[in-house]
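Asks: with the sequence up front, the predicted model follows.
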Amino acid sequence: MSKILSAITILLFTATFAYSQDLLKGTVYEDGTNTRLTNVFIRDNNNKQVTITDKDGNFSIKAATGHLLIFNSPGYLPDTLYLIDLLAKRINMIAKTINLSQVNITATRQAFNPQAEYPEVYEKSKVHAFSPSTWFSKEGKDARRLKRYFKMEAEERHIDAVFSPVYVGSIVPLKGQDLMNFISLYRPTYAFLRSNNSESIVAYINDSYKKFMALPPEKRSLPALKTQ
């Protein structure tokens, strides 16, 4: 009997150790500073696991050596990490030092359906009245934070689709970098687009164009983002 118990203990220890080896932990910082970045979206490109950094920039995600992790955060250049081991990682993300008007505005992004892509996130985010563990578990809290992230991402993509260079350029006589600057400076909110019809949006663009042309030339672009 003692031999059986010893074997079971060894198996349990081995299983626990193996599981811990599948969990990669790390912290995301702004490059060149000790600023920890919250709400950085992290995706394992191989097993499709996703997570998001907490208020201290920390994250944990199920992964394995040979996997590729992708890091995304507004205002920072996307970063990738190829895993050669599962030691704790320090990720440094570089702030975009060019005008926002030059960043990912012209691209027509793919349709985004997070509920179809990440159904497990929505399942884990549910709160059940008679299951306190769903209220306070880290897994549930992370899932609800991911849902909020997905909601913001969907809204940003909707703005990109409506307030696109092709559409705006068909209304105002701007081209090239001037058009990109205009789109960045007068980018509407999601709530505005949802609460106004096409005629109101055209009026908004024309009114914004008048304001844009009244600005001194040096004010017609966003200042570059700075890193410390």
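Replies: The structure has been received and is ready for your questions.
Asks: contacts only, for residue 36.
Replies: Neighbouring residues of residue 36 by Cβ atoms under 8 Å, 6 or more residues apart in numbering: 27, 28, 29, 53, 56, 57, 58. For glycine as for every other residue, the C-beta is placed from the backbone atoms N, C-alpha and C.
Asks: let's see that with 6 Å instead.
Replies: By Cβ atoms under 6 Å, 6 or more residues apart in numbering, the contact list for residue 36 reads 29, 56, 57.
Asks: what is the neighbour count of the last one?
Replies: So the one you mean is residue 57. Residue 57: 21 surrounding residues under other Cβ atoms under 10 Å.
Asks: how near is it to residue 33?
Replies: Residue 57 is 11 Å from residue 33, where distance means Cβ to Cβ, to the nearest Å.
Asks: quick one: mean pLDDT for stretch 204-217?
Replies: Taken as a whole, stretch 204-217 has an average pLDDT of 95.
Asks: for it, buried residues please.
Replies: 204, 205, 208, 209, 212 (16 or more other Cβ atoms under 10 Å).
Asks: can you check stretch 113-132 too?
Replies: Neighbour-count burial for stretch 113-132 [16+ other Cβ under 10 Å]: 114, 118, 121, 122, 124, 125.
Asks: what's the spacing between that stretch and its chain's center?
Replies: Offset of stretch 113-132 from its chain centre (Cα atoms, centre = their mean, to the nearest Å): 18 Å.
Asks: kindly report the same for stretch 206-223.
Replies: Taking Cα atoms, centre = their mean, one finds stretch 206-223 lying 29 Å from the centre of the chain it belongs to.
Asks: and after the longest helix along the chain, which helix or strand comes next?
Replies: The longest helix of the chain (DSSP state H) is helix 138-162. Once helix 138-162 ends, the next helix or strand along the chain (criterion: DSSP states H and E) is helix 165-169.
Asks: alpha carbons only: can I get that next one in CSV?
Replies: Extracted in CSV, the C-alpha atoms of helix 165-169 (Å, rounded to 0.1, in the frame of the first residue of the first chain):
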residue,chain,number,x,y,z
PRO,A,165,-9.5,57.8,-45.9
VAL,A,166,-11.6,56.7,-48.9
TYR,A,167,-14.8,58.1,-47.4
VAL,A,168,-13.4,61.2,-45.9
GLY,A,169,-11.3,61.9,-49.0
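Asks: rewinding a little: let's see which of the buried residues of stretch 113-132 end up in helices.
Replies: Using DSSP H, the buried residues of stretch 113-132 in helices are 114, 121, 122, 124.
Asks: look up how far residue 123 lies from the closest residue in space to the third one that isn't next to it in sequence.
Replies: Put plainly, it is residue 122. Leaving aside its chain neighbours, residue 122 sits nearest to residue 115 (5.6 Å; criterion: Cβ to Cβ, 6 or more residues apart in numbering). Residue 115 sits at a distance of 10 Å from residue 123 (criterion: Cβ to Cβ).
Asks: cool, residue 142 as well?
Replies: For residue 142 relative to residue 123 (Cβ to Cβ), the value is 13 Å.
Asks: do the same with residue 173
Replies: Using Cβ to Cβ, one gets 50 Å for the distance from residue 173 to residue 123.
Asks: and residue 54, by the same measure?
Replies: To residue 123, residue 54 is 21 Å away according to Cβ to Cβ.
Asks: for residue 155, what are its contacts?
Replies: residue 190.
Asks: recalculate using a threshold of 10 Å.
Replies: Neighbour list for residue 155: 189, 190, 191, 193, 194 [criterion: Cβ atoms under 10 Å, 6 or more residues apart in numbering].
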